[in-house]
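Undergrad: Give me a 3D structure for the following:
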Amino acid sequence: MFHLRFIETLTAILVAVASSFGMLFLLCVPCLGQATDFDLNPIRYSQTEAQDPVAQLIRQIELGETSLKWDERHGWLHTLLKQLSVPESSQLLVFSKTSLQARYITPTNPRALYFNDNVYIGVVPGAPQIEIAAVDPQLGAVFYALNAKVQTSDGELPLLKRDNHGCLSCHGTGKTQHVPGFLIRSVFPKPDGQPRFELGTTTTDVSTDFIKRFGGWYITGTHGEMRHRGNVFADGDSAELDHDRGANQASLPSRIRQGKYIANSSDLVAMIVLEHQAQMHNAITKASYTFRKAMASQKIMNEALERDERFLSDSTKRRLSSAAANVVDHLLFKDEFQLKSPIAGTSSFTKDFQSNREEDSQGRSLREFDLKTRLFRYPCSYLIYSQSFDALPPEMLEQIYGQLSNVLAGEPEEGFEHLSASDRTAILEILRDTKPSFATIAGLSTMPQ
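TA: Below is the predicted model:
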């Protein structure tokens, strides 16, 4: 315990000194001890009790307030989806061997993913675990495993437990914005599902060119003349794929047995929503982590230099401003790939996604789709309503809201040219009516109706 506190103090001082002088360096904490950077103050990832939806479900099960129900066909899946309010229509199938349970994944036995705004569930038929990730307001992504093959009687707690370190080797890197988070990858899969890593991989989001997306995924839906990497294999000596063969698929391929999965779809619209949502969550967590780390370092330096406790150095201000700008970039879909053809899914996801909508006085919502030239009609992320966003420190929210209102109320800024004057006005009006904290800080409370 003393050794860990020494590491925490030493790390905090070194980071604080580096920040004060505008330096950037890497400190390999495991070389000093076994704690990871996330486990040091002020984050304390492993030691902090999670408050995410899965953690809450576990506590409810332990108290006997609810229980999971076993289904002979799909095991725990149906009850998990219901308990966590995850729509079946969000089903996405990935056949590349890029999961913790990769050896169970094949093109005929893909991994199924289901998600809502705050929870992600991964299931591979025949695999020993159901993988679950949830968004915690303070910790970011928190990972869980449920024993998929052990049936328990009603009321008995299944083997559902939190994983504090194993998943972070992939879900706590630069691909997740250096916080516990989420990522979507596009690979060049062999016919057996094994990625051809020598050809490279792409971490995708809404800015990624359509032609580089979905490698290793089954995709059902229409997208006109555009092409992607989904549904096909890299079975030659190069990265050339038969893009036409994988395009505009109405249903899953016949190699996947009917009834093995809940739905006969891997919906295109759900996939693109997931790409946005994953990195949006990461940006919010990044802002939270940056603020707490910056303020902890600032406190140490203020005490060491006998400065006022409220003093903020220029480097601290820059760190906070940069983290806020990153959130705004993701909120407003900066550099979003412009669709060349309309897109449509093959499930009820588009309808289901809009059922949980916040509407302004004119009935408009940030959950309304466009699907002709871009993903959403009003390009501002629905995750601005999320618990993790609202849990950001007030000072960080003020920075984000200030930058957001500058983009929406001012002249078009570089990187936001995709937002027309009518787009910006509509988003401002929607936020004024549906996000009181933004309206107050941005001075929009008295805007005319």
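Undergrad: residue boundaries of the helices in the stretch 201-350 of the chain?
TA: Per DSSP state H, counting those that start in this stretch, the stretch 201-350 of the chain carries helices over the ranges 268-304, 314-331, 349-353.
Undergrad: Minimum distance to residue 112: which of those has it?
TA: Relative to residue 112, the nearest member of the helices of the stretch 201-350 of the chain by CB to CB is helix 268-304, separated by 11.9 Å. (C-beta placed from N, C-alpha, C; glycine too.)
Undergrad: what's the distance between residue 365 and residue 431?
TA: In this view, residue 365 and residue 431 are 11 Å apart by CB to CB, to the nearest Å.
Undergrad: So for the two, which residue has more residues nearby?
TA: Remark: of residue 365 and residue 431, residue 431 carries more neighbours, 26 against 18, as counted by other CB atoms under 10 Å.
Undergrad: how much space between that one and residue 329?
TA: 17 Å.
Undergrad: give me the number of residues near residue 95?
TA: Neighbour count of residue 95, defined by other CB under 10 Å: 25.
Undergrad: Could you check how far it is from residue 334?
TA: Going from residue 95 to residue 334 by CB to CB gives 31 Å.
Undergrad: try residue 213
TA: Counting by CB to CB, the gap from residue 213 to residue 334 is 18 Å.
Undergrad: average model confidence for stretch 195-203?
TA: In this model, stretch 195-203 has a mean pLDDT of 94.
Undergrad: Could you do stretch 130-148 as well?
TA: Mean pLDDT, stretch 130-148: 95.
Undergrad: Now the terminal residues of that stretch, how far apart.
TA: 6 Å (CA to CA, to the nearest Å).
Undergrad: mind listing what's buried in that stretch?
TA: For stretch 130-148, the neighbour count (16 or more other CB atoms under 10 Å) marks 130-148 as buried.
Undergrad: now do stretch 106-119
TA: Quick answer for stretch 106-119 (16+ other CB under 10 Å): 106-107, 109-119.
Undergrad: the domain parsing of the chain - what is it?
TA: 2-39, 53-268, 280-441 (automatic domain parsing).
Undergrad: coming back round to it: higher neighbour count, residue 213 and residue 334?
TA: Legend: neighbour count by other CB under 10 Å for residue 213 and residue 334, higher for residue 213 (25 against 21).
Undergrad: gap between that one and residue 252?
TA: Residue 213 is 18 Å from residue 252, by CB to CB.
Undergrad: same thing with residue 85?
TA: Counting by CB to CB - residue 85 and residue 252 are separated by 25 Å.
Undergrad: do residue 193 as well
TA: 15 Å.
Undergrad: Same check on residue 368?
TA: The separation that residue 368 has from residue 252, given CB to CB, amounts to 28 Å.
Undergrad: do you know how far residue 214 is from residue 93?
TA: Residue 214 sits 11 Å away from residue 93, going by CB to CB.
Undergrad: no no, residue 51
TA: According to CB to CB, residue 51 stands 31 Å off from residue 93.
Undergrad: Identify the residues contacting the nearest residue to residue 122 once chain neighbours are set aside.
TA: Excluding its sequence neighbours, the residue lying closest to residue 122 (CB to CB, 6 or more residues apart in numbering) is residue 131, at 3.9 Å. Neighbouring residues of residue 131 by CB atoms under 8 Å, 6 or more residues apart in numbering: 99, 100, 101, 121, 122, 123, 143, 144, 145.
Undergrad: Surely residue 131 is in a strand?
TA: Yes: assessed by DSSP: H, G, I helix; E, B strand; the rest coil, residue 131 belongs to a strand.
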